[in-house]
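Participant: Need coordinates for the below:
(one chain, ligands or ions: 4)
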Amino acid sequence: MKLRDLLEGIACEIVQGDSGVEIHAIHFDSRKVGKGDVFVAQRGVSVDGHAFIGKAVALGAVGVICEDVPESLPDGVTVVKVANSSDALGWMASAYYGHPSREMKLVGVTGTNGKTTTATLLYEVARLAGKQAGLLSTVCNYVGDEKVHATHTTPDALEINSLMRRMVDEGCEYCFMEVSSHAADQRRVSGLDFDGAIFSNITHDHLDYHKTFRAYIEAKKGFFDRLSAKAFALTNADDKNGMVMLQNTKARKYTYSCKRMADFNCKILERHLDSMLLLLDGSEVWTKFTGDFNAYNLLAVYSAARLLGFEKEELLPVMSMLVPVSGRFETILSRDGIMAIVDYAHTPDALENVLSTISGLKKDGKVITVVGAGGDRDRTKRPEMAEVACRLSDRVVLTSDNPRSEEPAAIIEDMRAGVPEDACDRVLAITDRKEAIRTALMLAKPDDIVLVAGKGHEDYQEIKGVKHHFDDKEIIKEIFKL
Ligand SMILES: CC(=O)N[C@H]1[C@@H](OP(=O)(O)OP(=O)(O)OC[C@H]2O[C@@H](n3ccc(=O)[nH]c3=O)[C@H](O)[C@@H]2O)O[C@H](CO)[C@@H](O)[C@@H]1O[C@H](C)C(=O)N[C@@H](C)C(=O)N[C@H](CCC(=O)O)C(=O)O
Ligand SMILES: Nc1ncnc2c1ncn2[C@@H]1O[C@H](COP(=O)(O)OP(=O)(O)OP(=O)(O)O)[C@@H](O)[C@H]1O
Ligand SMILES: N[C@H](CCC[C@H](N)C(=O)O)C(=O)O
Ligand SMILES: [Mg+2]
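Facilitator: Numbering: from 1, shown residues only. Ligands and ions are numbered 1, 2, ... in the order given. Model (predicted):
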């Protein structure tokens, strides 16, 4: 493939050298470059990729895409200056793989919470309706039936397009993907041909990366701003910032709501610990989900499926068949009636939603919460998470999530700052997560509920750069002797 064919749709400010040079592969990591490749220099969070242009050329790069042209380069290397290398990478990756997103109906889901649930359920809806589909999500990627391990919520542009090419080749008509705020900001999704975008909500998270809540909103809004006129932009009208997402988009605008007039509506008629009766688009539907937040997720799924052309009569029975995603409000009952709930709540809002759901539905028992916060992530959410846990539980065991490079005890200390004074005697701190879970389950009596929050489907715990096998559900079952 010639370099100029990869540059379609990109505003090149300077092209030095032959744009007709043959390209073997695209790389944004100099360490992976080989003979005949093009290297895309991106400014990263920790280092500036421009510093590795020399190395990439030494390894055989014949093309360099950059924002700053280096002072000297050997002859025979074509240099292209662009305004945003990461944006260019998205377009180039798409062209390299033959624009697979143009051959499928692609829907992206963004929001602080609910992305995995919404995207996965849309994938299930398409499949239950007899269509081939692909999925890019935090828990797992799918190329049709085939599972592909996921390392990110939204992979990098090359991986996205390589997976989408496989989806198209497997006959997928649809692709559903999560678009994290990091991905929107880093333009991992540039060049993709979206048919629709969904916004779930925005609450406190990722301020380590975005710095301000305004910048976090802007990152998500940027995804909507860049949609084309043929796409739909579907937003949650009940979220404070829901309508902001529609302000500057060229896409067709739609809203969903459980509280006000909107294009798509839903009302919760009955709430149970293992089910919910919804009035969805005017029809009663029993679902296998719990929690008002899941009514929003289901409504978003239903609305997007309608916008994709699925008929109401076909959709309603499918909505009843859907089951929760792994590690999202998963219940495990002990032989003597203690209920453990494993949930991926790792933000203050998610924790508040899950604990409010539990308090609203529990019988007489007490609620014990085991919770930690991830290392190398937003520190300011730590005290807020502890405050929510204390306010909505009878007892709290503060513990580790994925400490990553941080000291586990220091993260717990950050959380402790949010424990109200009058709650101190109800709070324990146990660094070892397995011991924390064991202690909470030992404190519990029949009819009590133990929420184990934060890690959901994860089957590892990352400590000092090493991922150790760790699975909340497995540990609970072992302690319950199930
Ligand atoms: C903070 C963040 O988003 N980091 C992502 C980012 O890496 P980075 O900016 O740190 O890269 P860097 O190390 O500064 O390097 C800059 C550039 O120089 C290049 N380089 C670097 C070294 C070298 O020797 N040669 C070289 O060419 C790098 O390849 C890169 O292109 O770009 C990388 C390549 O795409 C990602 O793998 C990496 O994800 C890291 C591992 C990560 O943990 N990301 C998390 C925070 C993340 O993205 N999470 C969201 C979900 C969030 C949510 O819950 O909503 C996700 O989508 O998964
Ligand atoms: N619509 C929602 N509103 C608020 N909280 C939600 C919603 N849906 C799910 N949650 C809570 O957030 C947790 C994570 O849900 P989910 O995995 O669907 O979100 P996500 O946006 O994909 O998260 P991540 O950013 O980690 O990929 C759930 O376990 C639940 O506690
Ligand atoms: N996508 C989220 C997941 C957080 C999950 C939690 N278990 C943690 O490790 O902090 C993030 O990378 O911030
Ligand atoms: Mg997710």
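
Participant: Please count neighbours and contacts with C-alpha atoms only from this point.
Facilitator: Noted.

Participant: State the distance from the most centrally placed residue in the chain to Met167.
Facilitator: For the chain, the residue nearest the mean C-alpha position is Thr153 (4.4 Å; Cα atoms, centre = their mean). Distance, Thr153 to Met167, using Cα to Cα, to the nearest Å: 18 Å.

Participant: What of Gly17?
Facilitator: Relative to Met167, and taking Cα to Cα, Gly17 is found at 36 Å.

Participant: More neighbours: which of the two?
Facilitator: Applying other Cα atoms under 10 Å to Gly17 and Met167 shows that Met167 carries more neighbours, namely 27 against 14.

Participant: Secondary structure element for the more buried one, which one?
Facilitator: Per DSSP states H and E: Met167 is located in helix 157-169.

Participant: Contacts made by that helix with the rest, please.
Facilitator: If you take Cα atoms under 8 Å, 6 or more residues apart in numbering as the criterion, helix 157-169 is touched by 89-90, 93-94, 97-101, 103-104, 133-134, 136, 143-144, 154, 175, 188-190.

Participant: mind listing what Thr117 touches?
Facilitator: Thr117 neighbours (Cα under 8 Å, 6+ apart): Asn297, Pro324, Val325.

Participant: Now which of those residues would you call buried?
Facilitator: Neighbour counting with 16 or more other Cα atoms under 10 Å marks Asn297, Pro324, Val325 as buried within the contacts of Thr117.

Participant: Return the member of those residues nearest to ligand 2.
Facilitator: Nearest to ligand 2 among the buried ones among the contacts of Thr117 is Asn297, at 5.1 Å by Cα to the nearest ligand atom.

Participant: right, and the closest one touches Thr118 too?
Facilitator: Yes: between Asn297 and Thr118 there is a contact under Cα atoms under 8 Å: 5.5 Å.

Participant: can you list the residues of the chain near ligand 4?
Facilitator: Contact residues (Cα under 5 Å from the ion) of the chain with ligand 4: Thr116, Thr138.

Participant: Contact residues of the chain facing ligand 1?
Facilitator: Taking Cα under 6 Å from any ligand atom as the contact definition, the chain meets ligand 1 at 28-31, 42-49, 52, 152-154, 156, 180-183.

Participant: can you count the residues close to the nearest residue to Thr249 once chain neighbours are set aside?
Facilitator: Distances taken as Cα to Cα, 6 or more residues apart in numbering put Asp225 closest to Thr249, at 4.4 Å, once the chain neighbours are dropped. Using other Cα under 10 Å, Asp225 has 18 neighbouring residues.

Participant: Now the residue nearest to the residue nearest to the centre of the chain when sequence neighbours are not counted: which helix or strand?
Facilitator: Spatial nearest neighbour of Thr153, excluding adjacent residues (Cα to Cα, 6+ apart): Thr138 at 4.1 Å. Under the assignment given by DSSP H and E, Thr138 is not contained in any helix or strand.

Participant: Pretty sure Thr138 sits against Pro155.
Facilitator: No: with contact defined as Cα under 8 Å, Thr138 does not reach Pro155; the gap is 9.3 Å.

Participant: quick one: contacts for the residue in the chain that ligand 4 sits nearest to?
Facilitator: With Cα to the ion, the shortest gap between the chain and ligand 4 falls at Thr116, namely 4.0 Å. Counting by Cα under 8 Å, 6+ apart, Thr116 touches Ser137, Thr138, Val139, Glu178, Val325.

Participant: how about the residues you listed in JSON lines, adding pLDDT and distance to Ser162?
Facilitator: Listed next are the contacts of Thr116 as JSON lines, based on pLDDT from 0 to 100; distance: Cα to Cα, whole Å:
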{"residue": "Ser137", "pLDDT": "98", "distance to Ser162": "15"}
{"residue": "Thr138", "pLDDT": "97", "distance to Ser162": "17"}
{"residue": "Val139", "pLDDT": "97", "distance to Ser162": "19"}
{"residue": "Glu178", "pLDDT": "98", "distance to Ser162": "16"}
{"residue": "Val325", "pLDDT": "97", "distance to Ser162": "25"}
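
Participant: Quick check: the two most widely separated of the residues you listed?
Facilitator: Of all pairs drawn from these, the widest gap by Cα to Cα lies between Glu178 and Val325 and measures 14.1 Å.

Participant: ok so, going back, out of the contacts of Thr116, which are close to ligand 2?
Facilitator: Thr138.

Participant: Touching stretch 304-315 from outside, list them.
Facilitator: The contact list for stretch 304-315, computed with Cα under 8 Å, 6+ apart, reads Leu122, Val125, Ala129, Gly196, Ile198, Phe232, Leu234, Tyr302.

Participant: Any part of the helix or strand containing the second one near ligand 3?
Facilitator: This points to Val125. Val125 belongs to helix 115-128 when assigned by DSSP H and E. No: shown here: helix 115-128 not in contact with ligand 3 (Cα under 6 Å from any ligand atom), separated by at least 10.1 Å.

Participant: Now find how far off-centre that helix is within its chain.
Facilitator: 13 Å (Cα atoms, centre = their mean, to the nearest Å).

Participant: And for stretch 82-94?
Facilitator: 22 Å.

Participant: what is the mean pLDDT for that stretch?
Facilitator: If you average the pLDDT over stretch 82-94, you get 98.

Participant: what does that stretch rub up against?
Facilitator: With Cα under 8 Å, 6+ apart as the test, stretch 82-94 has contacts from 6-14, 26, 40-42, 65-67, 100-101, 157-158, 161, 186-192.

Participant: can you do 7 Å?
Facilitator: 6-7, 10-13, 40-42, 65-67, 157-158, 161, 186-192 (Cα atoms under 7 Å, 6 or more residues apart in numbering).

Participant: Restrict it to CA atoms and write it as CSV.
Facilitator: Only the C-alpha atoms of stretch 82-94 are listed here, as CSV (Å, rounded to 0.1, in the frame of the first residue of the first chain):
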residue,chain,number,x,y,z
VAL,A,82,-0.1,16.9,10.6
ALA,A,83,-2.0,18.9,13.3
ASN,A,84,-2.8,15.8,15.4
SER,A,85,-0.8,12.6,15.0
SER,A,86,-3.3,10.5,17.0
ASP,A,87,-6.1,11.7,14.8
ALA,A,88,-4.1,10.8,11.7
LEU,A,89,-3.3,7.4,13.1
GLY,A,90,-7.0,6.7,13.4
TRP,A,91,-7.7,7.5,9.8
MET,A,92,-4.6,5.7,8.6
ALA,A,93,-5.5,2.5,10.6
SER,A,94,-8.9,2.6,9.1
